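> Here's a sequence, model it:
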Amino acid sequence: MIHAYYSEYLPDVRKSIGTLFDLAYYQLELDIDELSERFAASEIAEGIESGCPKYLAGMSGIEMAMEVFDGSSFEQPPYECTDAFWVGYALVHLQWYYNRPFKEIITKYPCSRLLAGYPVLHEADIGKTVDVVRRFIVPGNIVKLRRKEIGMTQRELAALVGISLPALRAYEQGVTELENASGKTLYMLGRYLGLTVEELLRG
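Predicted coordinates for the structure are as follows:
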């Protein structure tokens, strides 16, 4: 899977947007979904999605909050992970992992739902949240969906691509990640499914 930007930036972005969410939720007392919608529509969200260094590493959470919320002034938040901080942190991780726009993510899985899951999910590895949200963000395996769209059987596609039927089934079921496929397999899948390699890897 192709992520939104280099993973080295991820800790800083998660912290900054976590702080932004904490400030807007507790100091401006905004509803978490209204907050996330305003953030997703901002230049900062667009900059993060496009991998702009200014937004990945050049601004603090307070600076970002002031920009998104029209110059509102904020007090330094306490050094602790609140539920709202975690929602911002998780939202950034989901955007990075799935390489989808923030607007798409919050439409398919609203931040109010993330907030409701905080008591169970915040102490688990962030990969657990990624797994919980997966079926909402990625409604089906792209190889399986596209193969069915064009009316091809698994056996036919496997033969054209030059891989075994069990191998194709493993890709379609997510048992084997497409990012682990050989370049030739990705090329052949893309050729017969009418998809680019990037589309295949994005899932």
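> So, low pLDDT: which residues of the chain?
The chain contains residues with pLDDT under 70 at 1, 79, 139-140, 202-203.
> Grab the nearest non-local neighbour of D12.
A57 (5.4 Å; Cβ to Cβ, 6 or more residues apart in numbering). Glycine gets a C-beta too; all of them are placed from N, C-alpha and C.
> list the contacts for that neighbour?
Y9, D12, V13 (Cβ atoms under 8 Å, 6 or more residues apart in numbering).
> From the rest of the structure, what touches the one helix or strand the second one maps to?
D12 belongs to helix 10-26 when elements are defined using DSSP states H and E. Applying Cβ under 8 Å, 6+ apart, the set of residues contacting helix 10-26 from outside is 30, 32, 35-36, 38-39, 48, 55-57, 59-62, 64-65, 68-69, 74, 77, 81-82, 84-89, 91-93, 96.
> And those residues, which of them are buried?
Neighbour-count burial (16 or more other Cβ atoms under 10 Å) applied to the contacts of helix 10-26 gives 30, 32, 35-36, 39, 48, 55-56, 59, 61-62, 64-65, 68-69, 74, 77, 82, 84-89, 91-93, 96.
> Just the ones of those residues in helices?
32, 35-36, 39, 48, 55-56, 61-62, 64-65, 68, 84-89, 91-93, 96 (DSSP state H).
> circling back to that earlier point, tell me the most packed of the contacts of A57, by neighbour count.
Highest neighbour count within the contacts of A57, by other Cβ atoms under 10 Å: V13, with 24 neighbours.
> buried ones in the helix or strand harbouring R135?
R135 is part of helix 126-137 when elements are defined by DSSP H and E. For helix 126-137, the neighbour count (16+ other Cβ under 10 Å) marks I126, T129, V130, V132, V133, R134, I137 as buried.
> Ok, stretch 161-173 next?
V161, I163, A167, L168, Y171, E172.
> of all those, which comes closest to L201?
If you rank the buried residues of stretch 161-173 by distance to L201 using Cβ to Cβ, Y171 comes first, at 11.7 Å.
> Distance check, that closest one against R146.
Distance from Y171 to R146, counting by Cβ to Cβ, to the nearest Å: 12 Å.
> what's the answer for V130, then?
Distance from V130 to R146, by Cβ to Cβ: 23 Å.
> for Y118, same thing?
Y118 is 36 Å from R146, by Cβ to Cβ.
> Also K54?
Counting by Cβ to Cβ, the gap from K54 to R146 is 37 Å.
> Kindly report the same for G51.
27 Å.
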